Structure formats: structure tokens, C-alpha cells
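Peer 1: need a structure here:
(2 chains)
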Amino acid sequence: MFRMKPVLIKPLVFIACLLPLVFGIWAGFTDQLGANPIEEITHRTGDWALRLLLITLAITPARRLFGWNWPLRVRRMLGLFTFFYACLHLLTYFVLDQFFDWDEILKDIIKRPYITIGFSAFVLLIPLAITSTNAMMRRLGKRWGQLHQLVYVVAVFGILHYLWLVKADYLLPLIHAAILLALLLVRVWYQRQSLSTRRPAPQTS
Amino acid sequence: MLIKRSDDIKPSEITDEKIYHQRRAFLQAGSRAAVAVAASAVLPGLMFPGEAAAQLAALQFKKNARFSTDEEVNSLKDITRYNNFYEFGTDKKDPAKYAHTLKTDPWNVRVEGEVEKPADYQLEDLIKESQLEERIYRMRCVEAWSMVIPWVGIPLSALIKRFKPTSKARYVEFTTLYDPAQMPGQKRGVLSWPYVEGLRMDEAMHPLTLLAVGLYGKVLPNQNGAPIRLVVPWKYGFKNIKSIVKIRFTETMPDTTWHLSGPQEYGFYANVNPDVDHPRWSQSRERRIGEFFKRKTKMFNGYEEQVASLYSGMDLRRNY
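Peer 2: All right, here's what the predicted structure looks like:
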């Protein structure tokens, strides 16, 4: 494995996570968002929220499989950038797409399954973002870990949101689904392993 | 290819000079497009394939104001770089990127089924007897966006009259070219290829129904369905089948591609209707490309006065 100066990891990942936004703004000012810029912005922000979520969920499997520990330092940052792009995605829908037409927005959330589930995924991300500080981790103790299990629900909802809005070409949502499934299987596998190694421990009474 | 031979040349078969020139323009346009495509292949990156549209030859046509909207027309750039043509990929940017592999010259259209004169027609022969018209139509996509497009073409009814369908002909079925080498999107089974669309006979004979061979006064760019495509302005865009190679007259309702793909979501009629939602999204409003605020979608895409009578007594919720 390559070695990186630990102090550099955080700023580098921070800058990398901002690149989609920078490229997006650049594309906007140079008229490269195509004929339907609102749709393009909606897709880009949604894509990045989902990609960053999968990257965040890949950190534990990467540690187990390859012994990489350095990504752990940026896991919280990646989670928060997931939330950041999810916020941009939702704001694009509220402001650019619907222009605060709350009646239509409410109807969409209630009537359109892909919006219902996408919106639910966003709502579930909020407590995770709020409790991401060190102080909150300390305050919640054991329950912090339990609360943050919600990220798996968010991931499944996010991918269903993608799958349900597609017209006929399911390739990209299915690739995302396969990646999520693989990441979850790695976790399950290691959990089983640790359980079976723990079992032979002698019982004392 | 089938060419009917006759011993005598009837006066009606001698090409009028004007039409002759028009035909020349059409053929030259094809070869010019080929040059443009070749150039874009040699100089990748320097020329966007969509630019070939700018090099296409001009057509001779008369403007049909009676059937045209006076709304602001969308730019050629928007019309040629943002559209669905799954034969070249499922992204709306794909047709402009990949449609240069389509060869539109020569092009044959087979006419068959319940018709007195089944035959293979060369494209030029198909359109030569009709005066090309420009018609500026609204186009409403089922995905809730819309454009205003200046098509050049001929009314489908003029052709159908020449084909002389039999009394059994109740529907017209259209088929797109199937050739994965030219249409790389067909290598993936996203839809059941070839693409098939259809109209009821009275819809096909309606004066608004157009077979388009041009756009913005020039030959149709590949990505917009060259060399010949259907335009039915009161229906969702997917009814407007592109790059047509077969026209078949049938007694029974054709199995159309999107209907087969999602029977609950895409019906045979697919008339624009703000009151009947797509099961997954609302059809009450649309974004006109180039505008910020959504606008209300109109019944039959604003052509209610002309076409509503075709559907009197029909339950449009069931016949979506």
C-alpha cells in the first residue's frame, strides 16, 4: 500500500469532494449543462449524493479486505458531503424545478413512490448529519452506533429512488444496487467470522 | 429493391422540373451530410457530430401558416442535442453523439399489409409527388418537457391515398430500421427492437399528421430521425417514430414498443392529457425547453379543437 502523509488526507479528500460542485458551476457559466439545465443539475447532484454514500459505506469493507485504516479518518467527512449533495439535490427540486410550489411538492411526495422514498432517504440523513459531531458521539454513547445503522436504510432507499424513476434503462441503478449489495455482503461475512471466532471462548460460571 | 417496370411512360410519371431539383437537393444533402460525418470521424473532438446538421442542404418548401403555431421556436442546437432516440443510447445527449453512423442514402421504405399496391419505395420516389411544407408544431415529451419545432415534411394522408389501403385497413404500423451496426443502442435490449409505432387510420389521415424529412428548412439530421419520421403533434413524443423503413396497414391494433415495455404506463393512444398522469409522475405541467417556470400542459397538446372529435365518446382514462 502507498503511504500518504496523514495530514494531507483530509484536505485532499475535502477538495476532491468539492470538484463535482466546481465542475457543475463551471459548466453552468460556460453553457455546458445542455438544453435542460435544471434536469442536468438535478441528475448531477443526485448522482453524487448516491456515489458518495456508497464510497462512505466502502470504508469499513476496505479496512477489512485490504487493511486500509487511513480512510477511516475521512469517513465522517464523506458522510457529510453525501448529506451536502443530497441537500443540493433537494434544493434543486424545491427551488429550480418546482419554484416553491408547495402544493405540487406535497402531492409529489405523497403520490409518487420514487419521490416518497427519495424524500424519506433525505429525512433519515438529517439525524445522522446532526449527530456527527464528537460531542454528540460522546453524549449518545452506545446508541450513536445504533442510530447510525440508519445509513443502510438510506442507501437502500436512495437506490430504490433511482430505480423507480428510470424509464427503461435500468443498467446504472442496478450497478449501484450491485455495489451496495457487495458492500453489505462483506460486512455480513466479517460479522459471521467474528461471531464464530468468539464462540469457542470457554464459558465460566 | 423492387422497381416496377412499365413499358410505356405515362405523362404522370415524368418528373416535374421543380420536383427534380428538389430531389437533387435531397440527394446532395445526403452526400453532404456524409462528408460532414466523415470529417467529424477524421477530426474527432474538433467537430461535434451534431454540427453536421449545420451542413445539411436546404430544402424547397412552402410555409404552412394555418397549421403552425406562432410560439417562439426552440433553437436548432436544443432540438438536435437534446432528444430521445434509444437506438443510439438512452441519454438525451447520446443521439447527437452517436447518430453519425446511420446511413440514410439510399433509403427504402416498404409499404405492405392491407394495401392495394404493396411495394418498396425509394425515399425520393415516396416524397417527390408532394409539395414539402414547413409546419411549426409543439412537441410534448412523456417526460414532461416540451419544445416548438419547425418541421419540413408532407402530410401522411397524401401518401396513404396513393398507397390505396383496402377496406380492411384499420391501423397503420410503422417500423424503424433495425441494424445494430448503424444503431449501436440496439445492441442492448433496453426496448424490444425494432421500434414499432402505430396510429388508427383516422389519426393517420388527420391533416395535422406529418411525415417529416426536414428540420429548420434543411434535411433532417440523423439524430432527429433521418431520413423520414412521423410527427403527430397532439400525442406524446414517443409516438413520433424515427428512421422509418416500413409502413404496414393492418386490421388489428399494432403492438407498439413502449406499450410492450410498460403496458400500465404507455398506451397505444398516448394523447397528451394533463388530467391523466403517468403512473409515476404528473402530466399536468411541462417545462418548455429554454424556460424557467413550468407551464400548464394543454389537452391534446393545444390541438384539442382540431383532434378532439377523433375521440368523442371514448374514455381517455382507459384509452391512455
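Peer 1: When you work out contacts or count neighbours from here on, use the C-alpha atoms and nothing else.
Peer 2: Will do.
Peer 1: mean confidence score for the lengthiest helix in chain A?
Peer 2: Secondary structure assigned by DSSP state H gives helix A:171-198 as the longest helix of chain A. Per-residue pLDDT values over helix A:171-198 give a mean of 91.
Peer 1: do stretch B:253-263 as well
Peer 2: Averaged across stretch B:253-263, pLDDT comes to 97.
Peer 1: Run through who's touching it.
Peer 2: Applying C-alpha atoms under 8 Å, 6 or more residues apart in numbering or on different chains, the contact partners of stretch B:253-263 are A:168, B:170-173, B:191-193, B:195-198, B:200, B:238, B:265-268.
Peer 1: where do the helices sit along chain A?
Peer 2: Under DSSP H, chain A gives helices at A:6-29, A:37-57, A:59-66, A:75-91, A:102-111, A:113-130, A:134-140, A:142-147, A:150-165, A:171-198.
Peer 1: What residue, apart from its backbone neighbours, is nearest the residue nearest to the spatial centre of chain A spatially?
Peer 2: Nearest to the geometric centre of chain A sits residue A:53, at 2.0 Å (C-alpha atoms, centre = their mean). Distance criterion C-alpha to C-alpha, 6 or more residues apart in numbering or on different chains; nearest residue to residue A:53, sequence neighbours excluded, is residue A:82 at 5.6 Å.
Peer 1: and what of residue A:84?
Peer 2: Nearest residue to residue A:84 in three dimensions, chain neighbours excluded: residue A:49, at 7.6 Å (C-alpha to C-alpha, 6+ apart).
Peer 1: Quick one: low-confidence residue ranges for the chain.
Peer 2: You didn't say which chain, so I picked chain A. A:1-5, A:198-205 (pLDDT under 70).
Peer 1: Can you look at chain B instead?
Peer 2: B:1-54.
Peer 1: out of the contacts of stretch B:253-263, which are buried?
Peer 2: Buried by 16 or more other C-alpha atoms under 10 Å in any protein chain shown: B:170-173, B:191, B:193, B:195-198, B:200, B:238, B:265-268, out of these.
Peer 1: Could you identify the pair within the residues you listed that is furthest apart?
Peer 2: The largest separation in those, counting by C-alpha to C-alpha, is between B:170 and B:191 at 25.7 Å.
Peer 1: Up against chain B, what does chain A have?
Peer 2: A:34-36, A:96-99, A:108, A:112-114, A:165, A:168-169 (C-alpha under 8 Å from any C-alpha of the partner chain).
Peer 1: mind redoing it with 7 Å?
Peer 2: When proximity is defined as C-alpha under 7 Å from any C-alpha of the partner chain, chain A approaches chain B at A:35-36, A:112, A:168-169.
Peer 1: what does chain B have sitting close to chain A?
Peer 2: B:78, B:82, B:90, B:190, B:280-281, B:289-290.
Peer 1: can you rerun that using 8 Å?
Peer 2: Residues of chain B lying near chain A (C-alpha under 8 Å from any C-alpha): B:78, B:81-82, B:90, B:190-191, B:261, B:280-281, B:289-290, B:292-294.
Peer 1: taking those residues one by one, which sit in helices?
Peer 2: If you go by DSSP H, those have B:78, B:81, B:261 in helices.
Peer 1: For residue 118, the count of nearby residues, please.
Peer 2: Using chain A here. Using other C-alpha atoms under 10 Å in any protein chain shown, residue A:118 has 24 other residues around it.
Peer 1: Wait, chain B was what I had in mind.
Peer 2: 17.
Peer 1: Please tell me I have it right and it contacts residue B:162.
Peer 2: No. Using C-alpha atoms under 8 Å, residue B:118 is not in contact with residue B:162; the gap is 10.9 Å.
Peer 1: mind listing the helices in chain B by residue range?
Peer 2: For chain B, the helices defined by DSSP H cover B:17-42, B:52-55, B:76-81, B:94-98, B:123-127, B:156-163, B:201-204, B:257-261, B:304-307.
Peer 1: Sort out which residues of the last one are buried, please.
Peer 2: Of the residues in helix B:304-307, residue B:307 count as buried by neighbour count, 16+ other C-alpha under 10 Å.
Peer 1: distance between it and the chain's centre?
Peer 2: Offset of helix B:304-307 from its chain centre (C-alpha atoms, centre = their mean, to the nearest Å): 20 Å.
Peer 1: these two touch, right, residue B:57 and residue B:216?
Peer 2: No. If you go by C-alpha under 8 Å, residue B:57 and residue B:216 don't touch, sitting 10.7 Å apart.
Peer 1: Near the closest residue to residue B:196 other than its chain neighbours, how many other residues are there?
Peer 2: Excluding the flanking residues, the one nearest residue B:196 by C-alpha to C-alpha, 6+ apart is residue B:175, at 4.6 Å. Residue B:175 has 23 neighbours, counted by other C-alpha under 10 Å.
Peer 1: for the one 4 residues further on, same thing?
Peer 2: Other residues within reach of residue B:179 by the criterion other C-alpha under 10 Å amount to 15.
Peer 1: isn't it right next to residue B:185, touching?
Peer 2: No. Counting by C-alpha under 8 Å, residue B:179 does not reach residue B:185; the two are 9.7 Å apart.
Peer 1: ok so, going back, quick one: contacts for the residue nearest to the centre of chain A?
Peer 2: Shown here is residue A:53, whose contacts under the criterion C-alpha under 8 Å, 6+ apart are A:78-79, A:82, A:155.
Peer 1: change it to 10 Å
Peer 2: Contact analysis of residue A:53 by C-alpha atoms under 10 Å, 6 or more residues apart in numbering or on different chains lists A:47, A:78-83, A:85-86, A:151-152, A:154-155, A:158, A:180.
Peer 1: Give me the buried entries from those residues.
Peer 2: When the contacts of residue A:53 are checked for burial by 16+ other C-alpha under 10 Å, the buried set is A:47, A:78-83, A:85-86, A:151, A:154-155, A:158, A:180.
Peer 1: List the strands paired with the longest strand anywhere in chain B, with their directions.
Peer 2: Counting residues, the longest strand found in chain B (DSSP state E) is strand B:145-155. With DSSP bridges as the test, strand B:145-155 is paired with strand B:133-140 (antiparallel), strand B:210-215 (antiparallel), strand B:285-288 (parallel).
Peer 1: could you dump the ones you listed to JSON lines with mean neighbour count?
Peer 2: What follows is the strands paired with strand B:145-155, written out as JSON lines (neighbours: other C-alpha atoms under 10 Å in any protein chain shown):
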{"stretch": "strand B:133-140", "mean neighbour count": "24"}
{"stretch": "strand B:210-215", "mean neighbour count": "27"}
{"stretch": "strand B:285-288", "mean neighbour count": "20"}
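Peer 1: Dump the ones you listed to JSON lines, plus distance to residue A:176.
Peer 2: Listed next are the strands paired with strand B:145-155 as JSON lines, based on distance: least, C-alpha to C-alpha, whole Å:
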{"stretch": "strand B:133-140", "distance to residue A:176": "31"}
{"stretch": "strand B:210-215", "distance to residue A:176": "39"}
{"stretch": "strand B:285-288", "distance to residue A:176": "29"}
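Peer 1: For residue A:19, find the nearest of those.
Peer 2: Ranking the strands paired with strand B:145-155 by proximity to residue A:19 (C-alpha to C-alpha) places strand B:285-288 first, at 28.8 Å.
Peer 1: Identify all contacting residues around the closest one.
Peer 2: A:36, A:38-39, A:97, B:74, B:138-148, B:274, B:293-298.
Peer 1: filter those to the buried ones?
Peer 2: A:36, A:38-39, A:97, B:74, B:138-148, B:274, B:294, B:297-298.
Peer 1: Can you name the residue of the stretch 101-250 of chain B nearest to chain A?
Peer 2: In the stretch 101-250 of chain B, no residue comes nearer to chain A than residue B:190, which is 5.6 Å away by C-alpha to the nearest C-alpha.
Peer 1: The nearest residue to that residue once chain neighbours are set aside: what's it in contact with?
Peer 2: In space, and not counting its chain neighbours, residue B:190 is closest to residue A:169: 5.6 Å by C-alpha to C-alpha, 6+ apart. By C-alpha under 10 Å, 6+ apart, the contact list for residue A:169 reads A:163, B:86, B:89-91, B:188-191.
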